[in-house]
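Novice: A predicted structure for the sequence below; I have some questions about it.
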Amino acid sequence: MDEERLARLEARLLRLEDELAITRLVASYGPLVDAGEAEAVAGLWADDGAYDVDGWQMTSRADIRAMVESDGHQGLIAGGCSHFLGPAHVIVSGDEAVAVCESILVRHREGSYSVRRAGANHFTLRRQPDGWRIQHRTTRALDGSAEARALLVARAAR
Amino acid sequence: MDEERLARLEARLLRLEDELAITRLVASYGPLVDAGEAEAVAGLWADDGAYDVDGWQMTSRADIRAMVESDGHQGLIAGGCSHFLGPAHVIVSGDEAVAVCESILVRHREGSYSVRRAGANHFTLRRQPDGWRIQHRTTRALDGSAEARALLVARAAR
Amino acid sequence: MDEERLARLEARLLRLEDELAITRLVASYGPLVDAGEAEAVAGLWADDGAYDVDGWQMTSRADIRAMVESDGHQGLIAGGCSHFLGPAHVIVSGDEAVAVCESILVRHREGSYSVRRAGANHFTLRRQPDGWRIQHRTTRALDGSAEARALLVARAAR
């Protein structure tokens, strides 16, 4: 009976650890990408992880590293910007998880700041031997499209 | 003695589960309301839960569903918007809880985005047989009013 | 063996409690400072805690209380504003911790709202007998400076 109770405690604890690990991972994306930490950003994804942002398809860690190192992104952070992600709504199902959040992109230019975009973000994640990693992330501008809105609904991984 | 130790562990674990459940509930509101998921949004409230936003009084799940389905809200999401809530400051006291967060409303119009409003949000929540639900939410624009500012202080439920 | 298992459970639980306590502390800063709760804001810091914001050096709770009570800050909140902090990326190492997040400052003026600033925030925290407190917080505008970007990388306390 104590054995059962202990095992139940361990299972509940693991669920919390999983949820917090994924929350932490999503919370680290904005700061890391705005710091220009290409290697660390790429390491949030699985080796074969994908990132599809408004049709730009990245399908490996190397692709994600290249995005952070690109002239486009380096220009953004050299001018001053914040990829500001909101708190993630996380649903864990065993070794898979889904996380959803909204985001805004704030840019600095000549002493003033403005919101350049609001986005919908949908992540699927998988437990790896060394922790949770993003398997697929899709981001779309919240410009009224049905596609963007559909990304905001977190449903348990099948 | 092991019995006591186990019981203490279970109590600490339950407190964390409660806090995370409420954090998750609040984090899901923005994505769900911007997706237009009327049923899911209403389901965050208790049957007799209330939502008072700048004097608009909703006092049931049906009222909240109707707000999401209203022409006003449907127009907002068809044009593109983000009800962007910040991380909630949660205080759990047994079967009751208080959560507080700030929020901004970002709207898209003709390819550009702007912040239309910043708000103060105060939630009281209650444990139901099937999980935590909002009993009362009050939201006010952060326009300098003392009423809005008072909502930002999370005090333990009595 | 049960003894070992219990001790391991307790250690894992404590780590989660620590991470959540720090997340909660950071999430409470914006609401409390915008409510003008000088005493409560100061209480988030250690007695000898420091806050360095764009070169303004506060080095005690009294300094932080004075900042909240200053004409500058009181003018901000009387006009309407949100110190909107994103979810913190927290790394706990025993009795020390690091937390990193981005923030925006939204101001209200004559019925309209605008983002006046985006910031990088780096906190070091220490466990005190009565809970976690901020030892040092550094905040810099995300205007492209290398200094601001470096604050966004959370590295474990040594």
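Specialist: Yes, it's here.
Novice: helix, strand or coil for the residue nearest to A:D63 when sequence neighbours are not counted?
Specialist: Of all residues not flanking A:D63 in the chain, A:Y51 sits nearest, at 7.5 Å (CB to CB, 6 or more residues apart in numbering or on different chains). To be clear about C-beta, it is placed using only N, CA and C from the backbone, and glycine gets the same treatment. Put simply, A:Y51 is strand when judged by DSSP: H, G, I helix; E, B strand; the rest coil.
Novice: surely A:Y51 is in contact with A:T124?
Specialist: No - counting by CB atoms under 8 Å, A:Y51 stays clear of A:T124, with 11.5 Å between them.
Novice: of those two, who's got more company?
Specialist: Neighbours were counted for A:Y51 and for A:T124 using other CB atoms under 10 Å in any protein chain shown; A:Y51 has more, 23 against 16.
Novice: how near is that one to A:V33?
Specialist: 11 Å (CB to CB, to the nearest Å).
Novice: that older thread, mind listing the shared neighbours of A:Y51 and A:T124?
Specialist: Jointly contacting A:Y51 and A:T124 under the rule CB atoms under 8 Å, 6 or more residues apart in numbering or on different chains are A:I134, A:H136, A:R137.
Novice: check which residues of stretch A:43-53 are buried.
Specialist: A:G43, A:L44, A:W45, A:A46, A:G49, A:A50, A:Y51 (16 or more other CB atoms under 10 Å in any protein chain shown).
Novice: of all those residues, which two lie farthest apart?
Specialist: A:G43 and A:A50 (15.0 Å; CB to CB).
Novice: show me which residues of chain A sit near chain B.
Specialist: Residues of chain A lying close to chain B by CB under 8 Å from any CB of the partner chain are A:2, A:5-6, A:9, A:12-13, A:16, A:19-20, A:86-90, A:100-102, A:104, A:114-118, A:120, A:141-145, A:148-150, A:152-154.
Novice: show me which of those residues are buried.
Specialist: A:6, A:9, A:12-13, A:16, A:19-20, A:86-90, A:100-102, A:104, A:114-115, A:117-118, A:120, A:141-144, A:148-149, A:152-154.
Novice: other SSEs contacting the top strand by length along chain A?
Specialist: When chain A is parsed with DSSP state E, its longest strand is strand A:112-128. On a contact count with 3 or more CB pairs under 8 Å, 6 or more residues apart in numbering or on different chains; DSSP states H and E, strand A:112-128 meets helix A:2-35, strand A:96-109, strand A:131-141, helix A:146-150, strand B:81-85, strand B:96-109, strand B:112-128, strand C:112-128.
Novice: change it to 6 Å
Specialist: With contacts defined as 3 or more CB pairs under 6 Å, 6 or more residues apart in numbering or on different chains; DSSP states H and E, the packing partners of strand A:112-128 are strand A:96-109, strand A:131-141, strand B:112-128, strand C:112-128.
Novice: where in chain A is pLDDT low?
Specialist: Along chain A, the model assigns pLDDT under 70 to residues A:1, A:157-158.
Novice: what about A:W56, how many neighbours?
Specialist: A total of 10 residues lie near A:W56 under the criterion other CB under 10 Å.
Novice: got the residues of chain A near chain C?
Specialist: Within chain A, the positions near chain C by CB under 6 Å from any CB of the partner chain are A:13, A:16, A:27-28, A:30-31, A:34-35, A:78-80, A:82, A:84, A:87, A:106, A:108, A:113.
Novice: for chain C, state which of the buried residues of stretch A:43-53 is nearest.
Specialist: Within the buried residues of stretch A:43-53, proximity to chain C (CB to the nearest CB) peaks at A:L44, which comes in at 11.2 Å.
Novice: so how far is stretch A:41-48 from its chain's centroid?
Specialist: Here stretch A:41-48 is found 11 Å from its chain centre; the criterion is CA atoms, centre = their mean, to the nearest Å.
Novice: would you convert the shared contacts of A:Y51 and A:T124 into JSON lines that also reports neighbour count?
Specialist: Below are the shared contacts of A:Y51 and A:T124 laid out as JSON lines (neighbours: other CB atoms under 10 Å in any protein chain shown):
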{"residue": "A:I134", "neighbour count": "23"}
{"residue": "A:H136", "neighbour count": "18"}
{"residue": "A:R137", "neighbour count": "23"}
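Novice: which one of the residues you listed is nearest to chain C?
Specialist: A:I134 (15.1 Å).
Novice: what residues does that closest one make contact with?
Specialist: For A:I134, the contact set (CB atoms under 6 Å, 6 or more residues apart in numbering or on different chains) comprises A:L44, A:W45, A:G49, A:F123, A:L125.
Novice: go again using 10 Å as the cut-off
Specialist: Counting by CB atoms under 10 Å, 6 or more residues apart in numbering or on different chains, A:I134 touches A:22, A:25-26, A:29, A:43-46, A:49-51, A:64, A:97, A:99, A:123-126.
Novice: direction included, what does the longest strand of chain A pair against?
Specialist: Sheet pairing for strand A:112-128, assigned by DSSP bridges, gives strand A:96-109 (antiparallel), strand A:131-141 (antiparallel).
Novice: could you export these as JSON lines, including distance to C:E69?
Specialist: Below are those laid out as JSON lines (distance: least, CB to CB, whole Å):
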{"stretch": "strand A:96-109", "distance to C:E69": "29"}
{"stretch": "strand A:131-141", "distance to C:E69": "42"}
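Novice: so which of those is nearest B:S60?
Specialist: Of these, nearest to B:S60 by CB to CB is strand A:96-109, at 26.5 Å.
Novice: and that closest one, which residues are buried?
Specialist: A:96-108.
Novice: identify the residues contacting the residue positioned nearest the centre of chain A.
Specialist: Closest to where the C-alpha atoms of chain A average out (CA atoms, centre = their mean) is A:V26, at 4.4 Å. Residues in contact with A:V26 (CB under 10 Å, 6+ apart) are A:44, A:85-90, A:99-101, A:121, A:123, A:125, A:132, A:134, A:137, C:87, C:89.
Novice: A:V153 now?
Specialist: Neighbouring residues of A:V153 by CB under 10 Å, 6+ apart: A:H89, A:V98, A:V100, A:A120, A:H122, B:S28, B:P31, B:L32, B:A35, B:G36, B:E37, B:A40.
Novice: which strand or helix spans the last one?
Specialist: So that's B:A40. Using DSSP states H and E, B:A40 falls within helix B:38-42.
Novice: what's that helix packed up against?
Specialist: Using 3 or more CB pairs under 10 Å, 6 or more residues apart in numbering or on different chains; DSSP states H and E, the elements in contact with helix B:38-42 are helix B:2-35, strand B:45-53, helix B:61-69, helix B:71-79.
Novice: try 8 Å
Specialist: Helix B:38-42 packs on helix B:2-35, helix B:61-69, going by 3+ CB pairs under 8 Å, 6+ apart.
Novice: who touches it?
Specialist: A:V153, B:S28, B:Y29, B:L32, B:V33, B:R61, B:A62, B:I64, B:R65, B:V68, B:E69.
Novice: which positions in it come out as buried?
Specialist: B:A38, B:A40, B:V41, B:A42.
Novice: just the CA trace of it, in CSV.
Specialist: Taking C-alpha atoms only, helix B:38-42 is exported to CSV below (Å, rounded to 0.1, in the frame of the first residue of the first chain):
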residue,chain,number,x,y,z
ALA,B,38,-16.9,30.1,-27.0
GLU,B,39,-17.7,26.8,-25.3
ALA,B,40,-14.2,26.3,-24.0
VAL,B,41,-13.9,29.9,-22.8
ALA,B,42,-17.2,29.6,-20.9
